[in-house]
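In: What follows is a predicted structure for the sequence shown.
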Protein chains: 2
Amino acid sequence: MKIAIAQLNYVIGDFEGNLAKILKYIEKARKKKADIVLFGELAVCGYPPGDFLEFEDFIQNAQKSIEAIRSASEGIAVVVGSPTVNPDKEGKDLFNSAYFIEDGIIKHVQHKTLLPTYDIFDEYRYFEPAINHKCVHYKGLKIALTVCEDIWNIGNENPLYRVCPLDILSLEEPDFVLNISASPFSYSHAETRLEILKANVKKYGLPMFYSNNVGAQTEIVFDGGSIVMSPDGTIFREMPYFKEAIEIFDLEDVLNAIQSKQQKKNDILEIHDALVYGIKDYFGKLGFSKAIVGLSGGIDSAVTIALAARALGKENVRGLLMPSQFSSNHSISDAEQISQNLGIQYDIIPIESVYASFMKSLEKSFEGLAFNVTEENIQARIRGTLLMAYSNKFGNILLNTTNKSEMAVGYGTLYGDLAGGLSVLGDVYKTQVYELAEYINKSKEIIPINSITKPPSAELRPDQKDSDSLPDYDILDKILFQYIENTKGPKEIIKLGFEASLVKRILRMVNINEFKRHQTAPVLRVSTKAFGKGRRMPIVGKYLS
Amino acid sequence: MKIAIAQLNYVIGDFEGNLAKILKYIEKARKKKADIVLFGELAVCGYPPGDFLEFEDFIQNAQKSIEAIRSASEGIAVVVGSPTVNPDKEGKDLFNSAYFIEDGIIKHVQHKTLLPTYDIFDEYRYFEPAINHKCVHYKGLKIALTVCEDIWNIGNENPLYRVCPLDILSLEEPDFVLNISASPFSYSHAETRLEILKANVKKYGLPMFYSNNVGAQTEIVFDGGSIVMSPDGTIFREMPYFKEAIEIFDLEDVLNAIQSKQQKKNDILEIHDALVYGIKDYFGKLGFSKAIVGLSGGIDSAVTIALAARALGKENVRGLLMPSQFSSNHSISDAEQISQNLGIQYDIIPIESVYASFMKSLEKSFEGLAFNVTEENIQARIRGTLLMAYSNKFGNILLNTTNKSEMAVGYGTLYGDLAGGLSVLGDVYKTQVYELAEYINKSKEIIPINSITKPPSAELRPDQKDSDSLPDYDILDKILFQYIENTKGPKEIIKLGFEASLVKRILRMVNINEFKRHQTAPVLRVSTKAFGKGRRMPIVGKYLS
């Protein structure tokens, strides 16, 4: 039996486009003589569709797509994900389902049982878990059909669920397992997925064909990397990351584990590729091609614009330098250097005159009051306004350059340097930004060495340095990681050897700056815990603050 | 038996403060000779705690509070909500529980069974549903103890859940029902709550004591209005809205329905009170006292500042008028009028010079390009920057004045008039803003009549009117209501009699402007479907767009 996996990039709510793509790949699979072709989770409507699922109109559109796929399934079996209506009076109105469509007939609809409702996932908001499970009989074989999370309740120390769908399905003694997934990228996740699949195939002694979506959905990047695994745990094939692909596999070969092929894994390489892909798909799906980035001469804006140039092409990326009286000479020369290294267009607009005009207007109101964060923020907001003016006039989306360390402690100005349509580095700690810069420079200098080596500064007052108000990023990032990624409290973090007053001060900064993160751009997610929909914190509260 | 209900305002994560308040009210209940005192859902940590629940440290703090309450429960029974740890290996790590603590002993811990996971609610993100249910025996009576949603699965046409906790508890033939809730305000919700309670007491023939939290938690306003209901459905007592209170009830009196007392209900009055309370509590809990509002002379800013003055006192509210060359004379005189009517301080800072300075800086870049939305946005962003400068310099939180109609269709400038720490009218349609203005003016003119009667305009170009680019608000709001509150698709809305091309245009505007709403302030929620955490839409997608 030949099984094809089509890992595709779906657009949320684009029923026509998604259907056309699915039909095209059915045709490709047919040409490859596939018996089965596997698409992704909620393929017909895109994942995650959010509250569009609450619209009857949306669900009807999904059903129309399924009908069209059924009509096109002559001589082949198609496995495809769609929301379906729960016919029961009780429970949520929908299921998250995998269709098994064979030669014009809907042979089985297996609903998802384990509904991730944590981090970025909201599935129990919409879906009722499956109660019934049965295998599909096809060409003399029995197939266990599963959806994403359904294979994740295995061997965990602290399982989230009370049931395990494959325990039930395996009672029918299936020949192999199919899984359709929408499993998003984080820099450790490809490894985790392989481990989970290994635990499954070994537990049940069955080969598995696992199809993952690919493509960025605003902040969430699906990385593909679909997997075929032999019953002994051999990685028969791990399909490419960050691109659409279709591949075909012979069940016999997989059973016999005649090969072992997987993708190279490296955190910084993967983060780099995910960010480039995330930028590219954000623009592509919105129908925009051009970006603008404010260049300060610092490492964050340099890395951001380098990634943007790789994603969109240097001709589509524009830099804007906006020096003030507090800018150092190197802030301009370093910003010019990155622009020249990339071969991109850049403009210089000094902000002193607009700043002076603001200060003049506020003269009477602020009489006798000293320069403070107000005047710093005015500079940042003038820059934000200029960047947005370029964005509005020329149709370039503003990319935000704030890194995760800054975003965590609120080191940035709302409507100023926190502005932008998409945050490129908001899930990348400052120490990781340096690693990214090194990676980008691996064959030649793109990020100016001076941007890497000079001490970070916001340059909003004379001789300002990040280190005036923040600890070294080395220490800061470690504390932040324990708090954000590992959800450790102050006592646990102090126990790791960090200074008590510093830990408390940093945790407090994170918590009291939730109001800023509430109003910032979506952040491309590359870690297990990114700011945004995966981390839901009260703005008003008094915990560790 | 005497039962006291304490409807209190808890601060999220303020374990010390919440505990002190609970202990104080236990003392009050004891003085009133109460046998039982009822607090709210998750009272010890505040509701909704969000992802703080993922911190062990947070849960340990909650447990310490419970221990302190236990120690303080001499001679009285205390019913109080707290997260508790799920001792099972499988399932989510926590329960959302009601403690029944009697005279120093934890007599029963009843976990919540029905976990709302829709709109603003995320409970299945954190909690495992209860499996076990039993009544509490106390002073010779049997008590059915429930948490919030547990009583909501009754008589619904389309129930969300497959179980009904009171069906199970009623098998033990309890004498009465206790419920601790965190049920947020929307302008129709108090009525709905009474209906749900009525359905319960009638179905089971039992009286019910229902304690609701009060207080705003950022955008969500808990309105109190705790209820005591006799078995025949008589509203024995509906406690006040929007304030803390403790009241005591004799079970015999309730059984005999000797009285019937409820709060006055009126949509606009309730919205008015909820917004005033929401502003007040947002500032109070953040430790801020002063607000600033940009005054355009229009109705939205006038209503916003009037509500702010009621919430914070006129001495704590400041207006800023920022006329441009496109401002009409009445925009200044109307803005001065509202300031004078309220007796608040206001400044006037014309923006022409800063605008000219921006245009000068951009002259070369924009050479030969016509005035368009870019220049409109620059004006709005200059105003945003001036308002934020006041905010930073004087510690006044900027209140956003955008209404729900504008927010829906994206009629507003990011980082400009969409700036602010809290959106006051973001869940109030323009047509409702007019009703609010009338209500505010009911005994004397506060909102200037001219602000009410003149045609709405953003005044960002010569002779601009909202009606240039938007349909009449009468029609717009009706279409938006069908789409947003009623989740109707285009076909269903057109069927209601609206013009097809207009419906499609408006739905498209709503969808393509999700990116703006993603970056705006939290919106005080007064309807059943507010923008923000209760409405989760993809930014990048192609549905109805």
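Out: Received the coordinates, thanks.
In: ranges for the helices of the stretch 201-350 of chain A?
Out: A:251-255, A:267-286, A:299-312, A:329-342 (DSSP state H, counting those that start in this stretch).
In: closest to B:Asp466 out of the ones you listed?
Out: Distances from B:Asp466 to each of the helices of the stretch 201-350 of chain A were compared using C-beta to C-beta; the minimum, 26.4 Å, belongs to helix A:267-286. Where C-beta positions appear, they are placed from N, C-alpha and C, glycine not excepted.
In: Can you tell me the number of residues neighbouring the nearest residue to A:Leu295 once chain neighbours are set aside?
Out: Excluding its sequence neighbours, the residue lying closest to A:Leu295 (C-beta to C-beta, 6 or more residues apart in numbering or on different chains) is A:Ala335, at 3.8 Å. Other residues near A:Ala335 come to 29 when the count uses other C-beta atoms under 10 Å in any protein chain shown.
In: I'd say A:Ala335 and A:Ile299 touch.
Out: No. Counting by C-beta atoms under 8 Å, A:Ala335 stays clear of A:Ile299, with 11.3 Å between them.
In: any idea which residue sits dead centre in chain A?
Out: The C-alpha lying nearest the average C-alpha coordinate of chain A belongs to A:Ile220 (C-alpha atoms, centre = their mean; 2.7 Å).
In: In contact with the nearest residue to that one once chain neighbours are set aside, which residues?
Out: In space, and not counting its chain neighbours, A:Ile220 is closest to A:Pro184: 4.7 Å by C-beta to C-beta, 6+ apart. With contact set as C-beta atoms under 8 Å, 6 or more residues apart in numbering or on different chains, A:Pro184 has these partners: A:120, A:220-223, A:525.
In: ok so, going back, show me what the residue nearest to the centre of chain A is bridged to.
Out: A:Gln217 (DSSP bridges).
In: Show the pLDDT at A:Leu312.
Out: pLDDT for A:Leu312: 98.
In: where's it relative to A:Ser443, distance?
Out: Distance from A:Leu312 to A:Ser443, counting by C-beta to C-beta, to the nearest Å: 21 Å.
In: neighbour count winner among the two?
Out: In this comparison of A:Leu312 against A:Ser443, neighbours counted by other C-beta under 10 Å, the higher total goes to A:Leu312 at 22 against 6.
In: Without its sequence neighbours, what residue ends up closest to the residue of the stretch 351-500 of chain A found nearest chain B?
Out: Nearest residue of the stretch 351-500 of chain A to chain B, counting by C-beta to the nearest C-beta: A:Gly489, 2.6 Å away. Once its chain neighbours are removed from consideration, A:Gly489 has its nearest residue in B:Asp57; the separation is 2.6 Å (C-beta to C-beta, 6+ apart).
In: which phi and psi does the one you found have?
Out: Listed backbone geometry of B:Asp57 is phi -60, psi -40, with angles given as degrees, to the nearest 10.
In: looking at chain A, which residue lies furthest from center?
Out: Farthest-out residue of chain A from its mean C-alpha position, per C-alpha atoms, centre = their mean: A:Gly368, at 48.1 Å.
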